[in-house]
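[1] sequence and predicted structure are below.
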Amino acid sequence: MLIFKGITKNYKEPVLGPIDIDIKSKSFVSIIGASGSGKSTFLRIASGLISQSSGSISYKDNIKPKMGFVFQDSTLLPWRNVLDNILLPLELTKKINPESLEKSHNWLERVGLKGKGMSFPGELSGGQKMRVSIARAMVQGGNFLLLDEPFSALDEVTRRRLEDDLLEIWETNNITVLFVTHSVTQAVYLSQRVVVLSSGPGMLLEDLAIEKNFKDGFEETPQFLSQVRHLTNILKEEGGEI
Ligand SMILES: Nc1ncnc2c1ncn2[C@@H]1O[C@H](COP(=O)(O)OP(=O)(O)O)[C@@H](O)[C@H]1O
Ligand SMILES: [Mg+2]
């Protein structure tokens, strides 16, 4: 469990908060909101990439989760092959040992890229690059995965495959996922809970537990549509560009 209390961020002006939110271990939570509402800022604060201006983050039993981060563009190093890109976090944290290569191979396979280890990022499709990026975020055995609009640049079919693979990774690894998106349907499809931020400074407008009784065909259900409609209306009323 992560507990955020009174989180704010100011640059020249306030851009976020105060935000109070608890994220339950092993949950899948999405954050939506207009462009500039502070979604990325919140995710960066949650991951420790930047610090908040005020407020605190605490952890249940004081155990800080081990984080992995996936950005919108896959941010791979073009001069390193796929396997070496996945290995990178282990290298940077000097955790290279005989198992490192095995772990990297494992993740390569788990994201469906077996046989692509020696390829270079320039030789991969957008979806494949994103898969490498997910493998790289997971290779350290983290239990908290943060993703910032990871699939926005992908076509619909590729996106859906990656969404389903992400759900599988979430389920089989018992990890917590914090997912930023501007797509309401994507948020409802993936998440157990959707949080809406207001236009800057971003504050909590809505915190919706997603009702999802069955996975297959969820999108065809009235349940799915009414939750999408509800969230879309909130965003519409709030205004701003999605
Ligand atoms: N490093 C920064 N310096 C100054 N302003 C920033 C910086 N990062 C973000 N902002 C501003 O903070 C606001 C929220 O940005 P961001 O978190 O990226 O929003 P979102 O991800 O929801 O689109 C925006 O107005 C943005 O211009
Ligand atoms: Mg953003």
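    The structure has been received and is ready for your questions. What you see is a predicted model, and the numbers here were worked out from it, not measured in a lab. Ligands and ions are numbered 1, 2, ... in the order given.
[2] check contacts around the residue lying farthest from the centre of the chain.
    Most distant from the centre of the chain: Pro98, at 29.4 Å, with distances by CA atoms, centre = their mean. Under the criterion of CB atoms under 8 Å, 6 or more residues apart in numbering, Pro98 has no contact partners. Every C-beta, even on glycine, is put in place using the N, C-alpha and C of the backbone.
[3] for it, give its distance to Gln140.
    Taking CB to CB, to the nearest Å as the criterion, Pro98 is separated from Gln140 by 16 Å.
[4] Leu231 too?
    Separation of Leu231 from Gln140 (CB to CB) stands at 33 Å.
[5] who has more neighbours, those two?
    A count of neighbours by other CB atoms under 10 Å puts Leu231 above the other of Leu231 and Gln140, at 22 against 16.
[6] any idea how far the closest residue to that one other than its chain neighbours is from ligand 1?
    If the residues on either side of it in the chain are set aside, Leu231 comes closest to Val184, at 4.8 Å by CB to CB, 6 or more residues apart in numbering. Using CB to the nearest ligand atom, to the nearest Å, we find Val184 at a distance of 14 Å from ligand 1.
[7] what does Ser226 give?
    25 Å.
[8] please apply the same query to Lys94.
    With distances defined as CB to the nearest ligand atom, the gap from Lys94 to ligand 1 amounts to 29 Å.
[9] where does pLDDT dip in this protein?
    Low-confidence segments of the chain, defined by pLDDT under 70, span residues 214-215.
[10] and the strands in it?
    In the chain, strands defined by DSSP state E lie at 2-10, 14-23, 28-33, 54-59, 67-70, 144-148, 176-180, 193-197, 204-209, listed in chain order.
[11] closest one to ligand 1 among these?
    Between ligand 1 and the strands of the chain, the shortest gap by CB to the nearest ligand atom is with strand 14-23, which sits at 3.5 Å.
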